[in-house]
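J.: Model the following, please.
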Amino acid sequence: MGTIFLTVVMGFAVLTAGCRPFAAPPPAPDAAVVPEAFSVDSGPVDASGPWWEAFGDDELGGLINAALAGYLPLDSAWARLRQARAQAVLAGAGRYPSVSGTADALAGRRWADTETGFEEYSLGAAANYEVDLWGRVRAGHEASRLRVSASRQDAMTMTLTVSAEVALRWIGIVSQHKQKSLLGQQLALNRTLLELVDLRFRQGIASALDVYQQKQAVDQVRAEMPLVEEAAQLLGHELSVLLGDAPGGKAVVLRTDFPPLPPLPKTGVPADLLRNRPDIRAAWFRLAAAGLDVEAARADRMPALRLTGIAETGAEGLAGLFDNWLASLAAGLVAPAVDGGSRAAAVHRTRAVAEERLADYRQVVITAVKEVEDALVTEVRQKEHITALQQVIATARNALAQAAYRYRNGLTDYLPVLTQLSTVQALERELIRRQTALYQARIQLYRALGGARPDASGA
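T.: Next up is the predicted model:
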């Protein structure tokens, strides 16, 4: 008998579970803001593995894996995901009856004609349940579950961002190593030329001005080296933080030259970003959750049916404790009467939030397409610029050789040689910077495409 009231409550819950008169259709991905194709068509997108494996560099892969394991804000993102999961459980608790139990014991003595002892025991159970007539509780629960999905996508977005940031710092440090190596070569060349000019000066062939001009070229190259070392050290500090370590720790980059640039990744079509970009998926989940919040707010304006069941048993002494049961089931209808417009305001607020989430979603999609296009345009134009720059360097080296020939034969003074030498060396340094920009554009392209991301332990 003691379980009859609970059976009735659970049965009523099952009968009314599918009642959702205020249910709104889930938002569909907005394809209106997505163009049909990118400016560079390279075939269906391929996200079969972590994007950094395309570089085939163990050092880069090790640094990224260390960052995914040690970056502290990433730990915070996974912790927020666990919080969202717990919040979803709390939101779903209202879909089930709440049952509580009681137990009482009383012992004493009575004095009438004679003194007698007595013992009384009682057990009881009470259940409370709100029948979800209008789908308010279910909508709140489903909205919480969608926010769990959004939190997971946020964590995956940070995972993708961290991997790209590590790669950008890594390629930056490699670039500074390459710059330092080039400056060493240029410094050695300039010192050799200084010795030759000084020899010609002592032989009375060159002027003191030629010597000072070449010495100035030596000093200019030497002055660049501390700036290159500074840039490398600062990038190393940033890399250490990404690895969850203090500067001077395990962020060591030994590579001194760029790895081979992989072929251009397959970009697919812009609509693929709706599936591949975790930030777009997170925005969509929040948009869908906001629609359910509107549904819950509208349902909250309707009457609420609450059921209460109570079962109690009592007896004098333990022997008859389970012999006498009293069970009751009560139902109450609670309808909002005067609330000062609070429930109507809640509906308006949730609708405005849904409109905000829709605008956010559209903006995320537009920004994602822009990021891919920016990276594609940058890569194409940087390649063209590098090819042209290499031709300029070749021409400048020929001009330098001709100026040196004319100087050795006494046809000109040293200024044309010095001018061409400075031009060639500046172009060589600029070439490394342009190559660095090319690799950075490729890394940004991988990130913009939302390439394959490994699951982390916090998932």
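
J.: contacts, neighbours, all on C-alpha from now
T.: Will do.

J.: Now do the strands in the stretch 101-250 of the chain.
T.: Applying DSSP state E, counting those that start in this stretch to the stretch 101-250 of the chain gives strands spanning 115-131.

J.: In it, where is pLDDT below threshold?
T.: 101-133, 250 (pLDDT under 70).

J.: 80 - rerun?
T.: For the stretch 101-250 of the chain, the stretches flagged by pLDDT under 80 are 101-137, 139, 248-250.

J.: where exactly do the helices run in it?
T.: Here the stretch 101-250 of the chain has its helices, by DSSP state H, counting those that start in this stretch, at 136-202, 208-242.

J.: The first one - contacts with which helices or strands?
T.: Going back to what we said before, that points to helix 136-202. If you count contacts as 3 or more C-alpha pairs under 8 Å, 6 or more residues apart in numbering; DSSP states H and E, helix 136-202 packs onto helix 58-70, helix 72-92, helix 208-242, helix 278-299, helix 415-449.

J.: Let's see that with 6 Å instead.
T.: When contacts are defined as 3 or more C-alpha pairs under 6 Å, 6 or more residues apart in numbering; DSSP states H and E, helix 136-202 packs onto helix 72-92, helix 208-242, helix 278-299.

J.: Same question for the first one: list its buried residues.
T.: Read it as helix 72-92. 74-75, 77-82, 84-85, 87-88, 91-92 (16 or more other C-alpha atoms under 10 Å).

J.: Based on its surroundings, how many neighbours for residue 39?
T.: 11 (other C-alpha atoms under 10 Å).

J.: I meant to write residue 199 there.
T.: For residue 199, the neighbour count with other C-alpha under 10 Å is 14.

J.: So for the closest residue to residue 371 other than its chain neighbours, what pLDDT did the model give?
T.: Of all residues not flanking residue 371 in the chain, residue 448 sits nearest, at 5.7 Å (C-alpha to C-alpha, 6 or more residues apart in numbering). For residue 448, the model assigns a pLDDT of 92.

J.: all numbers from here: first residue = 35
T.: Okay, residue one is now 35; in that scheme the one you just asked about reads as residue 482.

J.: Wait, residue 482 touches residue 404, no?
T.: No: assessed by C-alpha atoms under 6 Å, residue 482 is found out of contact with residue 404, at 8.9 Å.

J.: Neighbour count: the two, which is higher?
T.: Neighbour totals were compared for residue 482 and residue 404, and residue 482 leads with 25 against 15 (other C-alpha under 10 Å).

J.: Chain neighbours aside, what residue packs nearest to residue 179?
T.: Distances taken as C-alpha to C-alpha, 6+ apart put residue 122 closest to residue 179, at 5.5 Å, once the chain neighbours are dropped.

J.: pretty sure that neighbour is touching residue 180, no?
T.: No: the criterion here is C-alpha under 6 Å, and residue 122 misses it with residue 180 at 8.8 Å.

J.: okay, now the nearest residue to residue 241 once chain neighbours are set aside: neighbour count?
T.: Residue nearest to residue 241 in three dimensions, not counting chain neighbours: residue 235, with 5.6 Å by C-alpha to C-alpha, 6+ apart. Other residues within reach of residue 235, judged by other C-alpha under 10 Å, total 16.

J.: Residue ranges in the stretch 285-434 of the chain under the pLDDT threshold?
T.: 285, 333-377, 380.

J.: Could I get the full set of helices for it?
T.: Using DSSP H, counting those that start in this stretch, helices in the stretch 285-434 of the chain cover 307-310, 312-333, 376-442.

J.: can you tell me which of those comes nearest to residue 255?
T.: Shortest distance between residue 255 and the helices of the stretch 285-434 of the chain, using C-alpha to C-alpha, is found for helix 376-442: 17.5 Å.

J.: what angle do that closest one and helix 449-483 make?
T.: Here the directions of helix 376-442 and helix 449-483 differ by 150 degrees (axes from the mean of the first three to the mean of the last three C-alpha atoms, to 10 degrees).

J.: Helix 376-442: how far from the chain's middle?
T.: Counting by C-alpha atoms, centre = their mean, to the nearest Å, helix 376-442 is centred 19 Å from the centre of its parent chain.

J.: Next, find the distance separating the residue nearest to residue 405 from residue 408.
T.: 9 Å (C-alpha to C-alpha, to the nearest Å).

J.: Next, count neighbours for residue 443.
T.: When neighbours are counted by other C-alpha under 10 Å, residue 443 registers 10.

J.: repeat for the one 4 residues further on
T.: Neighbour count of residue 447, defined by other C-alpha under 10 Å: 18.

J.: now do residue 180
T.: The burial count for residue 180: 24, using other C-alpha under 10 Å.

J.: Enumerate every residue touching it.
T.: Applying C-alpha atoms under 6 Å, 6 or more residues apart in numbering, we find residue 180 in contact with 319, 323.

J.: Distance of residue 291 relative to residue 469?
T.: According to C-alpha to C-alpha, residue 291 stands 11 Å off from residue 469.

J.: now swap in residue 396 and tell me
T.: From residue 396 to residue 469 the distance is 34 Å (C-alpha to C-alpha).

J.: now residue 201
T.: Applying C-alpha to C-alpha, the value for residue 201 to residue 469 is 15 Å.

J.: do residue 299 as well
T.: 18 Å.

J.: which residues touch the closest residue to residue 385 other than its chain neighbours?
T.: Nearest non-adjacent residue to residue 385, counting by C-alpha to C-alpha, 6+ apart: residue 328, 5.8 Å away. Listed by C-alpha under 6 Å, 6+ apart, the contact partners of residue 328 are 381, 384, 385.

J.: Can you lay out those as CSV showing distance to residue 475 and neighbour count?
T.: Output for the contacts of residue 328, formatted as CSV (distance: C-alpha to C-alpha, whole Å; neighbours: other C-alpha atoms under 10 Å):
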residue, distance to residue 475, neighbour count
381, 45, 20
384, 40, 20
385, 40, 19
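
J.: Put the alpha carbons of stretch 408-427 into PDB.
T.: Provided in PDB are the C-alpha atoms of stretch 408-427 (Å, rounded to 0.1, in the frame of the first residue of the first chain):
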ATOM      1  CA  ASP A 408      41.900  36.100 -45.600                       C
ATOM      2  CA  ALA A 409      44.300  33.100 -45.100                       C
ATOM      3  CA  LEU A 410      43.800  32.000 -48.700                       C
ATOM      4  CA  VAL A 411      44.400  35.400 -50.100                       C
ATOM      5  CA  THR A 412      47.400  36.000 -47.900                       C
ATOM      6  CA  GLU A 413      49.000  32.600 -48.900                       C
ATOM      7  CA  VAL A 414      48.400  33.200 -52.600                       C
ATOM      8  CA  ARG A 415      49.800  36.700 -52.600                       C
ATOM      9  CA  GLN A 416      52.700  35.900 -50.300                       C
ATOM     10  CA  LYS A 417      53.800  33.200 -52.700                       C
ATOM     11  CA  GLU A 418      53.600  35.600 -55.600                       C
ATOM     12  CA  HIS A 419      55.500  38.200 -53.600                       C
ATOM     13  CA  ILE A 420      58.200  35.700 -52.500                       C
ATOM     14  CA  THR A 421      58.800  34.600 -56.100                       C
ATOM     15  CA  ALA A 422      59.100  38.200 -57.200                       C
ATOM     16  CA  LEU A 423      61.300  39.000 -54.200                       C
ATOM     17  CA  GLN A 424      63.700  36.200 -55.100                       C
ATOM     18  CA  GLN A 425      64.000  37.600 -58.600                       C
ATOM     19  CA  VAL A 426      64.700  41.100 -57.100                       C
ATOM     20  CA  ILE A 427      67.400  39.600 -54.900                       C
END
